[in-house]
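> build me a structure from this.
(chains A and B)
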Amino acid sequence: MHDAMANDSSVSASARDFAKKRRVNRSAKLKQCKLDARREQWLSQVKGKSCKVTPMASPPTSSSPPVPMPRPQSCLHDSDMVFANHSPTSNSPGKPPKVGCCPNNSVSSGGSTRSCSLSASDGEEEGARGEENSAIDDWETIADALSAYKSRVPPAPVNDSGAQRTMNPEPTRTIPRAWRPDDELRPQSLPNLYKQQSFPANMERHFGAKGWSHPVILSAPSSCPICYEDLDPTDSSFLPCSCGFRLCLFCHKRILEADGRCPGCRKQYSPVEGEMLGMSGVKPLLPFQLSRSYSMGSRS
Amino acid sequence: MLDVSRVQKELAECNKDKAISGVSINLHGGDDLSHLEGTISGPVGTPYEGGTFRIDVRLPSGYPFEPPKMQFVTKVWHPNISSQNGAICLDILKDQWSPALTLKTALLSLQALLSAPEPDDPQDAVVAQQYLQNHPTFVATAQYWTEAFAKRTSVGIEEKVQKLVEMGFPEALVKSTLDSVNGDENMALEKLCSS
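Next comes the predicted model:
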């Protein structure tokens, strides 16, 4: 137990992310090949952009969802190794130095996964502040100052298409703060930060900038056109048909169980693509893969 | 199970711009989300111009993976719509349905069908034959049906309401009852008396 407490902050960050992901059952479908691709994107993005991401998010409030944070590259590798060596359940809730100040974060000694996820989810917002990343501090300062300065100005609706394509605001952005999930005027097409927490939209911009093979990724919808539920990061990177029609994994599975035709072009889903992406069925993942999925999915 | 949240969102989405799109959809009555009623306005430049056509919409439990069942309530003279029971011959309501379609796009497709009849694949053979062999008569008949059945609710509705209100029925109830029987005064009276 003392050993666990002595873990470095990246381990507990992984634990937090793991708990975060646990709440989202869909993440069990995360696929390794996708993750690796994203990881590379993330790594190269963090190198160049970690400071630019900061002004985009809304200031942290108790009602707003946790905001995705870029993490230092070394942290990623550390946690990968941790997850490769230990199963997720063996990660005891060691906490980063600053998380302990969060009053909700009362579980500090429990060794079980349950308490781990409890403390992690309670503390994750505060935990984000505890990251040893100066960019985050800057971000907080900027965000606080922005909201304090412009709180009297009513939020102006942003250009829908612009906001949809790039969540990353330009320096000239006029809106006083980011859209919150409960904003009345919030464009429906905006991605939901809560579910896209670990895969910010500027990642997609990065894909596009590199001439990545799928041009449609830029116009990816934020919600499934079939069930109208928000697409989570896995769904967003799921491209089952060459026509570019996107949908969530649940709807895709349901269609496969029926006539198996793409809703966008009415062609049969190609079994090869479904197999390649591994999304067509519920494939049992090895524990090792699972743990890697969790750790990767939450930060890539 | 019917995807309730999708249907609710569709209702809100469709009715947001009904003035522009010319189609709207509402609950048929009660709170049964699987039984709806759509309306489409007759396309300009067709014999159906100026009419408002009501469509009974029933959502199967598999919706949106199964197509909605749609049928004209308002009588309409059209090769692909039964003049008897309002049944519609349209591929997207059958084998060409896609879950990416919505109630709104389906209604818009019906509107397009009014604009562009397909007499070679008819639902009503009599109408289709007339359309092909005696087009002026077809246009005249379709116009007459539009006038007689698709405009009835708006033309003279005030007088009917006034009449029934004078009989002692509350105005709101009269209006909704008249609406539910497609403006038929006698049927409305019957309904009001029996309720």
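> residue B:43 contacts residue B:51, correct?
No. With contacts counted by CB atoms under 8 Å, residue B:43 stays clear of residue B:51, the gap being 9.7 Å. Yep, even glycine has a C-beta here, placed from its N, CA and C like the rest.
> who has more neighbours, the two?
The residue with more neighbours, out of residue B:43 and residue B:51, is residue B:51; 26 against 17, by other CB atoms under 10 Å in any protein chain shown.
> state the distance from the more buried one to chain A.
Residue B:51 is 32 Å from chain A, where distance means CB to the nearest CB, to the nearest Å.
> now do that residue, the pLDDT please.
pLDDT, residue B:51: 92.
> the closest residue to chain B within chain A: what secondary structure?
Taking CB to the nearest CB, chain B has its nearest neighbour within chain A at residue A:263, 3.8 Å off. Secondary structure, DSSP: H, G, I helix; E, B strand; the rest coil: residue A:263 is coil.
> same deal with the one 3 residues further on?
Secondary structure for residue A:266, judged by three-state DSSP, is coil.
> is it true that residue B:7 touches residue B:63?
Yes. Counting by CB under 8 Å, residue B:63 is a contact partner of residue B:7 at 7.4 Å.
> which one is the residue of chain A closest to chain B nearest to, not counting chain neighbours?
Nearest residue to residue A:263 in three dimensions, chain neighbours excluded: residue B:100, at 3.8 Å (CB to CB, 6 or more residues apart in numbering or on different chains).
> can you name the residues that contact the one you found?
Residue B:100 is in contact with A:225, A:226, A:245, A:263, A:264, counting by CB atoms under 8 Å, 6 or more residues apart in numbering or on different chains.
> mind listing what the closest residue to the third one other than its chain neighbours touches?
To tie it back to what came earlier, the one meant is residue A:245. Nearest residue to residue A:245, sequence neighbours excluded (CB to CB, 6+ apart): residue A:264, at 2.6 Å. Listed by CB under 8 Å, 6+ apart, the contact set of residue A:264 reads A:241, A:243, A:244, A:245, B:98, B:100.
> just the residues you listed: which are in strands?
Among those, no member falls in strands (DSSP state E).
> okay, residue A:94: pLDDT?
Note on residue A:94: pLDDT of 42.
> who wins for most neighbours among the contacts of residue B:100?
residue A:226 (23 neighbours).
> wait, isn't that residue in contact with residue A:248?
Yes. Between residue A:226 and residue A:248 there is a contact under CB under 8 Å: 7.2 Å.
> hmm, which helix or strand of chain B has the shakiest average pLDDT?
Ranked by mean pLDDT, DSSP states H and E, the helix or strand of chain B with the weakest confidence is helix B:157-166, at a mean of 81.
> now it: buried residues?
Within helix B:157-166, the residues that count as buried by 16 or more other CB atoms under 10 Å in any protein chain shown are B:160, B:161, B:164.
> got any ranges where the chain has weak pLDDT?
You didn't say which chain, so I picked chain A. Residues of chain A that meet the criterion pLDDT under 70 lie in A:1-40, A:42-141, A:143-220, A:271-300.
> can you look at chain B instead?
Looking at chain B by pLDDT under 70, you get B:152-156.
> what residues does it have near chain A?
B:3, B:5, B:6, B:9, B:64, B:65, B:96, B:98, B:99, B:100 (CB under 8 Å from any CB of the partner chain).
> what sits against the first one?
With contacts taken as CB under 8 Å, 6+ apart, residue B:3 has the following neighbours: A:227, A:228, B:63, B:64.
> picking that back up, just how off-centre is the least confident helix or strand of chain B within its chain?
Its chain's C-alpha centre and that of helix B:157-166 lie 24 Å apart, by CA atoms, centre = their mean, to the nearest Å.
> show me where chain B has helices.
If DSSP state H is used as the criterion, the helices of chain B fall at B:4-16, B:18-21, B:103-115, B:125-133, B:135-145, B:157-166, B:171-180, B:185-194.
> what's the most buried one of these?
Neighbour counts (mean count of other CB atoms under 10 Å in any protein chain shown) averaged over each of these peak at helix B:103-115, with a mean of 20.
> could you say what helices and strands that helix packs with?
helix B:4-16, strand B:23-27, strand B:35-41, strand B:52-58 (3 or more CB pairs under 8 Å, 6 or more residues apart in numbering or on different chains; DSSP states H and E).
> can you list contacts of that helix?
Residues from elsewhere that reach helix B:103-115 (CB under 8 Å, 6+ apart): B:7, B:10-11, B:13-14, B:21-23, B:25, B:36, B:38, B:40-43, B:45-46, B:48, B:53, B:55, B:57, B:67-68, B:70, B:76, B:78, B:80-81, B:88, B:90, B:92-93.
> cutoff 7 Å now
B:10, B:13-14, B:21-23, B:25, B:38, B:40, B:42-43, B:46, B:48, B:55, B:57, B:68, B:70, B:78, B:80, B:88, B:90, B:92-93 (CB atoms under 7 Å, 6 or more residues apart in numbering or on different chains).
> and the nearest residue to residue B:64 once chain neighbours are set aside, how many neighbours?
Excluding its sequence neighbours, the residue lying closest to residue B:64 (CB to CB, 6+ apart) is residue B:99, at 4.3 Å. Neighbour count of residue B:99, defined by other CB under 10 Å: 25.
> okay, and the beta partners of the most centrally placed residue in chain B?
Most central in chain B under CA atoms, centre = their mean is residue B:54, positioned 1.9 Å from the mean C-alpha point. When bridges are called by DSSP bridges, residue B:54 pairs up with residue B:39.
> quick one, domains of chain B?
Structural domains assigned to chain B are B:4-138, B:157-194, following automatic domain parsing.
> now the ones you listed as a markdown table including distance to residue B:146?
Listed next are those as a markdown table, based on distance: least, CB to CB, whole Å:
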| stretch | distance to residue B:146 |
| --- | --- |
| domain B:4-138 | 4 |
| domain B:157-194 | 14 |
